[in-house]
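> After the sequence you'll find the predicted model.
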Amino acid sequence: MSFDKEFLTEDELYQLEKLGRLVRGDILKMTTLAQSGHPGGSMSSCDIYLVVWKYARVNPRDPDWDDRDRIVVSHGHTSPGVYAVLGRLGFFDIDDAIAYFRLAGSPFEGHIEREIPGVEWTTGNLGQGLSAGVGFALAGRVLNKDYHVFVLMSDAEQAKGQVAEARRIAKKYNLTNITVIIDYNDKQISGNAHDVMPVNIKANYEADGWKVFEIDGHNYQEIYQAIRKALNEKDYPVCIIAKTVMGKGVSFMENVEAYHGKPLAVEEYRRALNELGVEDNLEYYAEKRKLKQFPTFRRKLQYKINFNGAEFKIYNPTEKVATRVAVGEQLTRIGKANLVNKGFTPFVVFDCDLAESLRFVEFSKHFPQHFFEFGVQEHSTATVAGALSTQGVIGVFGDFGVFGVDETYNQHRLNDINHTNLKLIISHIGIDVGEDGKTHHCIDYIGILRNLYNFKLIIPGDANQAQKALNYIMSEYGNFAIAVGRSNWPVIPDKNGLPFYGEDYVFKYGVADIIRYGTHGTLIAYGPTLAMALEVFERLKNIGKELTVINISTPFCLDENVLLRDEVVRRPIFVYEDHNIHSGLGAILSDFYLTRGKCVKVFKFGLENYSVSGAAKDLYEVNNLSPSKVSEKIFDILKSLE
C-alpha cells in the first residue's frame, strides 16, 4: 500500500471503520484477559496506527524488508493497540496476541518489543521515540535510502526535554523524511495533560522549525490526508497533532483517565463489546491462554559488519600519549580505510560539543557527511546513535564519561534492550580530570555499565592498546564502551624497554596481560593506574619485593587462565584503580574469586569518596593512590603476612 492516492474511497473508509471496531474489541479482550495493560490510550491511538501501518510502505510477509518505512511508537504502553493493528493486518496471528498478552514467556510483552514483526524499536520509557526516529532517518540518509520514518507519540511525553533535543536535531539536519503524529487525548494518569504540565506543543514544534498540522485523530480521511501532505513536504519535518478521545468507541470509557492503565472488569468488558458490536469470545482466548503455545519470530536484529582494518601508529615507551588522542587519531585512520571505498560497513560519529577534547576534529574535516554535531544534548544523542546503529550503520558516540555514561544511563539501557551496535567512547575517566573537580570525575563508569547485560567495556592501558582495541570494537557487532583518559600517560614497556603493545600485539576481548612477573603477590590495574602500577613495581623491587603486574582491560570478562593460576591465588592480590572502590574492578574480582570458592586475599586501593579539585598528581596523593603511598601500603601488608 502507499499514500499515492489523493483520497480514500468510501469502501476503504468503510473497511477502516470495520477494522477500527475489531481492533478496539481486540484491545479490550487482551487487557481484560490479562487483567493488566493500557486500554484507554490504545483506543485513542489505534485509528492512527491503522492508517499508518495499512498505507505505509511495509510488508507483513517481509517485516525486515530493507526499503520499508520505519514506524516508531514512542508510547510503548499502547502495545494492545499496536498488537491488535499488526495482527489484523497480517503481521502475525491476532489470536496469539490476544491470548498471550502480558503472559510470562510470551513475546507480546506489556510494552512493545522489537522482536515483534512490525515493531522497529522497543519503547516504554516515554520521550525516547523521536530520538530513535531521528536515528532511523539519519541512517536512511547515510545509506541513500528513501524510506520514510513515522514517529507515533503521546501528548504527555511532549513535556520531556529529550523530545525537544530530537526536534532540534531533526530540523538542523533537515530531516524531511520524518513525520511525527501525536495522539492528543489530553489525558494522562494524573488527570488532564494540560493541567498536569502545560505544554504548547504546536508552538514548540513551530519554534524549532517544524510544520504543524492539526486534525481529528479518529477521522481516517483526515489522518490519511495529513500524512500524504507531510510526505509531500520537502522543506520541513512535519508534526501532526491528532485530537483524540481516550477510550474512544466505548461510552463509559471515553475521556476517563482512569482507563489509561486500568483493564475492564468482565461485566464492563461485555457492555463495551456490545457497544462496539464485536463478538464476545473471551472464553475461547482464556482456554488458549492456558496452552502457552507461544509463537516464535525470527527478526533480523543484527547485521554482518564488513570492516577494513586500519593501520596503527605505534608509540615508543619514551613517549607519553593520552589514550583519547590515540583513539581520536585512529578513528580518522579507520575512516580512511572504510569510508573512502564502497563495500565496507559505514559508520558515523556523534559529538556533543566536545570534538576538540575527544580529538574528533580531524575526522570531521575528512568525513563531514559522517560526523554529526548535536551540541549539549546527550540524552537524545545516545538514543539517536543507538537507533541508527541497528540499521546497517555503526554508531560512534563520544563524550566525557560523566555525560556519556552517568547522565545517559537510561538511554543506554534501552539501547542494550534493543540490541544496538553502539560504540561508546568515554573520555576523561577517573580523577585524572583533576582540576575540573568532583562533578567531572567519572569514577563510577564500571559499576554503571556493568548493570547493562550486553555492554562490553574496554579500558586500554596505553595509547598503543587503545588503537588496537578501537579497531576491534569497530569490527564486532554489539554495544562496546572504550574508556580513555585526559592526560598523557606513559606508553607501557615490556621488560626489554620495547612497546608491550607493539606491532605484533592483537587485542582479544577477555584476555589479561601479564606486564611483569614477581613472586610476592599480584598487582592488578588498568587504564589510568597501569603506568603507576609499574612505578609501584619498581619501588617495591628496589626494597626486595617483586609483584606480578597484570593489566585487566576488560573488567566484565575476566581471564580465568591468568587469574586462577596457582601463583596468583596463593599470594595476596592488590587491585589499584581510581574508581569508586565499591563498584570497580576490586569488587568484581572479589566476586570472581568468591563464586569460584577461592579463598584469596584481595586488597583494594580505590576511591572511598568523591575527590576534590586540583592537579591530577595531587589528587592521587590526597586520595592515598599515588605510587609512593600505594607501594608503602603494599609493603606493610606483605610484611604483616610473613
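Great, that's in hand.

> In the sheet, which residues pair with the nearest residue to residue 222 once chain neighbours are set aside? Tell me.
Computed as Cβ to Cβ, 6 or more residues apart in numbering, the closest residue to residue 222 that is not its neighbour in sequence is residue 215, at 4.3 Å. For every residue, glycine as well, the C-beta is placed using N, CA and C. Residue 215 has these beta-bridge partners by DSSP bridges: residue 242.

> domain parsing for this structure?
With domains defined by automatic domain parsing, the chain comprises 10-291, 320-490, 513-641.

> is it possible to export these to JSON lines including mean pLDDT, mean neighbour count and distance to residue 301?
What follows is the domains of the chain, written out as JSON lines (pLDDT from 0 to 100; neighbours: other Cβ atoms under 10 Å; distance: least, Cβ to Cβ, whole Å):
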{"stretch": "domain 10-291", "mean pLDDT": "98", "mean neighbour count": "21", "distance to residue 301": "7"}
{"stretch": "domain 320-490", "mean pLDDT": "97", "mean neighbour count": "22", "distance to residue 301": "5"}
{"stretch": "domain 513-641", "mean pLDDT": "97", "mean neighbour count": "19", "distance to residue 301": "21"}
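
> could you dump the ones you listed to CSV with distance to residue 307?
What follows is these, written out as CSV (distance: least, Cβ to Cβ, whole Å):
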stretch, distance to residue 307
domain 10-291, 16
domain 320-490, 4
domain 513-641, 19
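
> for the ones you listed, which one sits closest to residue 305?
Shortest distance between residue 305 and these, using Cβ to Cβ, is found for domain 320-490: 4.8 Å.

> So what would you say the end-to-end distance of the closest one is?
Its start and end residues considered, domain 320-490 measures 4 Å (Cα to Cα, to the nearest Å).

> I'd like the numbering to begin with 14 instead of 1 from here.
From this message on, residue numbering opens at 14, which makes the last subject domain 333-503.

> that older thread, touching, the residue nearest to residue 235 and residue 236? I think so.
Yes: with contact defined as Cβ atoms under 8 Å, residue 228 and residue 236 form a contacting pair (6.3 Å).

> Identify the contacts common to those two.
Common neighbours of residue 228 and residue 236, counting by Cβ atoms under 8 Å, 6 or more residues apart in numbering, are 253, 255.

> which phi and psi does the residue lying closest to residue 434 once chain neighbours are set aside have?
For residue 434, ignoring the flanking residues on the chain, the nearest one in space by Cβ to Cβ, 6+ apart is residue 402 at 4.0 Å. In terms of degrees, to the nearest 10, the main-chain angles of residue 402 are phi -70, psi -10.

> Would you mind measuring from residue 402 to residue 600?
For residue 402, the distance to residue 600 (Cβ to Cβ, to the nearest Å) stands at 30 Å.

> for residue 308, same thing?
41 Å.

> Equivalent analysis for residue 422, please.
Spatial separation of residue 422 from residue 600 under the definition Cβ to Cβ is 18 Å.

> again with residue 142
36 Å.

> Double-check that residue 150 belongs to a strand.
No: counting by DSSP: H, G, I helix; E, B strand; the rest coil, residue 150 falls outside a strand, being helix.

> My guess is it contacts residue 188. True?
Yes: taking contact to mean Cβ under 8 Å, the distance of 4.5 Å between residue 150 and residue 188 places them in contact.

> so what sits against both of those two?
Applying Cβ under 8 Å, 6+ apart, one finds that residue 150 and residue 188 are jointly contacted by residue 162.

> Return the residues in contact with the residue nearest to residue 434.
Applying Cβ under 8 Å, 6+ apart, one finds that residue 402 lies in contact with 148, 408, 433-436.

> So for the chain, the centremost residue is which one?
Closest to where the C-alpha atoms of the chain average out (Cα atoms, centre = their mean) is residue 428, at 2.2 Å.

> Which other helices and strands does the helix or strand encompassing residue 551 contact?
Assigned by DSSP states H and E, residue 551 belongs to helix 543-554. In this structure, helix 543-554 makes packing contacts with strand 502-503, strand 526-529, strand 535-538, strand 561-564, strand 586-593, helix 640-654, judged by 3 or more Cβ pairs under 8 Å, 6 or more residues apart in numbering; DSSP states H and E.

> Quick one, which of those gets closest to residue 203.
Residue 203 lies closest, by Cβ to Cβ, to one member of the helices and strands packed on helix 543-554: strand 586-593, at 36.3 Å.

> Can you check what angle separates that closest one from helix 543-554?
Per axes from the mean of the first three to the mean of the last three Cα atoms, to 10 degrees, the angle that strand 586-593 makes with helix 543-554 is 140 degrees.

> Give me the contact list for whichever helix or strand comes after strand 586-593.
Secondary structure here is assigned by DSSP H and E; on that basis, the next helix or strand after strand 586-593 toward the C-terminus is helix 598-608. The contact list for helix 598-608 (Cβ under 8 Å, 6+ apart) reads 459-460, 463, 537, 539, 565, 568-569, 571, 576, 582, 586, 588, 590, 592, 594, 613, 615, 617-619.
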